[in-house]
Every structure is written in structure tokens, then in C-alpha cells.
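> Sharing a sequence plus its predicted fold:
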Amino acid sequence: MRTISVVPGDGIGPEVIEPALELLAFLGLDVKLDVLDHVNAETYVSTGRALTEADLDRVRGSAATLLGAVGDPRLGDTPYVREVLTTLRVELDLYANYRPIRLWHDKLSPLRDKTKRGIDCVIVRENTEGLYSGAGGNLSAGSSQEVAFDLDVSSYRGVSRILDFAFSVARTSVCVVDKANAVRHGGTLWQRCWREAVERHPHIDTTHLYVDTAAMRLVTDPTAFDVIVTNNSNGDILSDLTAGLAGGLGVAASANLNAATGQGLFEPVHGSAPDIAGTGVANPFAAVLSVALLVEHLGHAREAEAVRAAVAAAIEHDRVTPDLGGSLSTRQAGAAVLAELR
């Protein structure tokens, strides 16, 4: 029996994780849960630390981790979120952020052209380097002469492995997205690694776009893309854009993966959403779809596709929360997916 560690977290995190775990239990897989419900903002407020080495050891010892959300407005200017999210990603070396986006129903798309609405692609985002690596600093901090700098870090190893990962999940094509015409040093490295990766994978179609062009292309014809691979910051922005093209963050799931070790952290993209926490209207579908990614990662592809089909059916029948135009509560929307599975 394999262990799945669960971090419900903050805000709507515990609310959306509850129906996701009910669905996981319904699937009847040979797994047990290790719930770390103390890893949250309250623990950080009272102790000054949210994630201990003992917690990390529990996560390391599990087959996969399901995360609800972390973030609390009381802790805006503290290292809390970084301590949890970045520590998990860096300590487990989860270098590949995998965000599949599918239009579950035509009515969810904001695009006018019906022929261009059917987005079904993956954003593969480098997850441990780039502008989010934390490298940088301030000179003359707090003065009128202050200078702040954040370093966009790229390594040959980091870029090469994220490109290879992108090719490994591609069905038809891979598009690398960068800003090599303006960010010259990192861009040169990315382009060098890209040429080498293309040679290693000659049977996959490839394209290259600058990030501004890619953003424009996504909103004019998102059907043109299969896999987009890019750096940390570009991937952060483009994955939210693609989520908007498919119905919003309420249906956006993600996985943080290491292809070599098999470690995986699965989470809805939406964050803790403190503005709706406790109201009972948070959309659980992103958490449910994250469970689908998790069980697929564990080798249960049939069950994962059944979950996705159940979500699509619930949307088809308007059994959804207010963000998707419905009137159901979080619990009711989760129950709707379970009813479709039954």
C-alpha cells in the first residue's frame, strides 16, 4: 500500500481538498493518506515556521503529495508561502511544473470564434530556476537611492532536463517560448539547449516563439499548441492565460514532477482565495482534476480518465459552482462529480 501525503493548507484549500479526498476514496485504490493539516498559516503565526524537517521527511516518504493551497493575507510580507511551496519544490527537486489545459465545454470559453475554442494543451514550466530562484538583492535598501535586482537564473542542466521532459509528454509538437531577442544571456543558453533537444527528438514537430507572440497566438488560436515549454516566470503567466481560455482557475490542475525520482506534488492552481474562504462556493474541480493527475502518476490511467469524464459531465449538466455559472456549493459540486462516476 502506497502513502499519499496531503497538505490541505489555507483558505479554500481544506474546502476543496475534502471533496477531492472523497473522490479518491471512492476510486478504491490501494493507498493510505497521511494528512499534514498542521502545515498552514496558523502554525506559522504561532511558531514562526510552517514546514519542519519532520514534515519534509513524511512528504519524501510518500508516493505523491496532494496540496490544497497556501497563503494568508495576514502573512503577506513574510517568507511563509515561499517556505512551504518553494521548499517542497526545491527539496524534492520538482523541476517540471506540468499544467494541462482542456476546454471541458464550449460554453466556458471566452473566445468568439467557435473553431478556435478547443484548447487542449500543456504548459511545461521550469520550476526551480529563473526569476523565482530567489537570487538577487537590494542596494541602499529603504533609501531614495535604493536599487533592487532579481537574477533570472538558467543552467545547462536545468534547461536541458525541462526540454527533455516537454518532449516526453508531447503528443504531436513542442513549442519553446522565450525572450531570447531581449534577454540575451539566458536566451542564448535556452536556444543552445533547444537545438540539442530537437536533435535528440527528431520525430516531434517543433516551433519557437517569443513570449509576447505566444501570448497573442494563444488568444487567437489556442488549438495550434500541443506542449509549450518555457522558463519559470513565462510559464507562470502563460499557464494562467491558458486557464482563462478554458474556463478559469477553478478548472486548472497542476503537477510538480521529477521524472527521474518519480516524486510528485499535485495542486489546484487557484491559490487560497481568502476573499471566498468559508463561503462554501469555491470550485472543487481543480482539486478533483489534480487528483486525476495524481492517480494517473501512480499508474491508474483508466481511473484518471474516468474522473475527467465525470467533471466534463457535471459541467455539461450545469452542476457547477458560481464561477462557472452555476449555483452549487463546493460540497454539492464535488457530489455531482461523484454522482457522474457512480
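Perfect, thanks for sending it. Numbering: from 1, shown residues only.

> which residues does Lys114 contact?
Residues near Lys114 by C-beta atoms under 8 Å, 6 or more residues apart in numbering: Asp106. In this view, the C-beta of every residue, glycine as well, is placed from N, C-alpha and C.

> Please tell me how far it sits from Gly264.
36 Å (C-beta to C-beta, to the nearest Å).

> Next: Ala246.
Shown here: Ala246 relative to Gly264, a distance of 22 Å by C-beta to C-beta.

> Quick check: Val291 is in a helix.
Yes. Counting by DSSP: H, G, I helix; E, B strand; the rest coil, Val291 is part of a helix.

> Glu18 versus that one, what's the distance?
From Val291 to Glu18 the distance is 12 Å (C-beta to C-beta).

> more crowded one of the two?
Under the criterion of other C-beta atoms under 10 Å, the comparison of Val291 against Glu18 puts Val291 first, with 26 against 17.

> Give the closest residue to the more buried one in space, chain neighbours not counted.
Ala20 (4.9 Å; C-beta to C-beta, 6 or more residues apart in numbering).

> a helix runs through that neighbour, doesn't it?
Yes. The assignment for Ala20 is a helix, going by three-state DSSP.

> what stretches of the stretch 51-200 of the chain score poorly on pLDDT?
Across the stretch 51-200 of the chain, nothing is flagged by pLDDT under 70.

> One more pass at 80, please.
77 (pLDDT under 80).

> residue boundaries of the strands in it?
64-69, 96-102, 120-126, 136-139, 147-150, 173-178 (DSSP state E, counting those that start in this stretch).

> I'd like to know which elements the first one is packed against.
Think strand 64-69. strand 2-9, helix 13-27, strand 264-268, helix 285-297 (3 or more C-beta pairs under 8 Å, 6 or more residues apart in numbering; DSSP states H and E).

> circling back: next, count neighbours for the residue nearest to Val291.
Counted with other C-beta under 10 Å, Ala20 comes out at 28.

> Can you classify the residue most central in space within the chain by secondary structure?
With distances taken as C-alpha atoms, centre = their mean, the residue of the chain nearest its centroid is Ser254 (3.0 Å). The local conformation at Ser254, judged by three-state DSSP, is strand.

> how far away is the residue lying closest to it once chain neighbours are set aside from Leu139?
Closest residue in space to Ser254, ignoring its immediate chain neighbours: Arg99 at 4.7 Å, by C-beta to C-beta, 6+ apart. Arg99 is 36 Å from Leu139, where distance means C-beta to C-beta.

> do Val311 as well
With C-beta to C-beta as the criterion, Val311 and Leu139 are 50 Å apart.

> More neighbours: which of those two?
It is Val311, of Val311 and Leu139, that has more neighbours when counted by other C-beta under 10 Å, with 28 against 10.

> just checking, the more buried one touches Ser290?
No. Contact between Val311 and Ser290 fails when scored by C-beta atoms under 8 Å: they sit 11.3 Å apart.

> Pretty sure Asn256 sits against Arg89.
Yes. Between Asn256 and Arg89 there is a contact at 5.6 Å, judged by C-beta under 8 Å.

> between those two, which one's more packed in?
Legend: neighbour count by other C-beta under 10 Å for Asn256 and Arg89, higher for Asn256 (25 against 18).

> list the contacts for that one?
Leu88, Arg89, Leu92, Leu94, Ala96, Asn97, Tyr98, Asn127, Gly264, Leu265, Phe266, Glu267.

> What values do phi and psi take at Met216?
phi -60, psi -40 (degrees, to the nearest 10).

> For Leu131, see how far away it is.
Computed as C-beta to C-beta, the Met216 to Leu131 distance reads 22 Å.

> Which one's more surrounded, the two?
Leu131 (17 against 12).

> who's in contact with the more buried one?
By C-beta under 8 Å, 6+ apart, the neighbours of Leu131 are Asp150, Leu151, Asp152, Val153, Asn231, Asn232, Ser233.

> Tally up the residues packed near Thr52, please.
Neighbour tally, Thr52, other C-beta under 10 Å: 14.

> Hmm, I typed the wrong one, I wanted Ile101.
Counted by other C-beta under 10 Å, the residues lying close to Ile101 total 27.

> now swap in Asp30 and tell me
Residues near Asp30, counting by other C-beta under 10 Å: 8.

> Equivalent analysis for Thr43, please.
Neighbours of Thr43 using other C-beta under 10 Å come to 18.

> buried ones in the helix or strand hosting it?
Using DSSP states H and E, Thr43 maps to helix 41-47. For helix 41-47, burial by neighbour count (16 or more other C-beta atoms under 10 Å) applies to Ala41, Thr43, Tyr44.

> And these, which is closest to Gly299?
Distances from Gly299 to the buried residues of helix 41-47, taken as C-beta to C-beta, are shortest for Thr43 (33.3 Å).

> how far away is the closest one from Gly61?
Thr43 is 20 Å from Gly61, by C-beta to C-beta.

> And Gln145, by the same measure?
49 Å.

> all helices for the stretch 151-300 of the chain, in order.
Secondary structure of the stretch 151-300 of the chain (DSSP state H, counting those that start in this stretch): helices at 156-169, 184-200, 211-220, 232-245, 285-297.

> Show the contacting residues for Leu111.
Arg117, Val219, Pro222, Leu245.

> Phe26 too?
Leu338, Leu341.

> The nearest residue to Asp30 once chain neighbours are set aside: neighbouring residues, count only.
The shortest distance from Asp30 to any non-neighbouring residue, by C-beta to C-beta, 6+ apart, is to Met1 (5.2 Å). Counted with other C-beta under 10 Å, residues neighbouring Met1 total 7.
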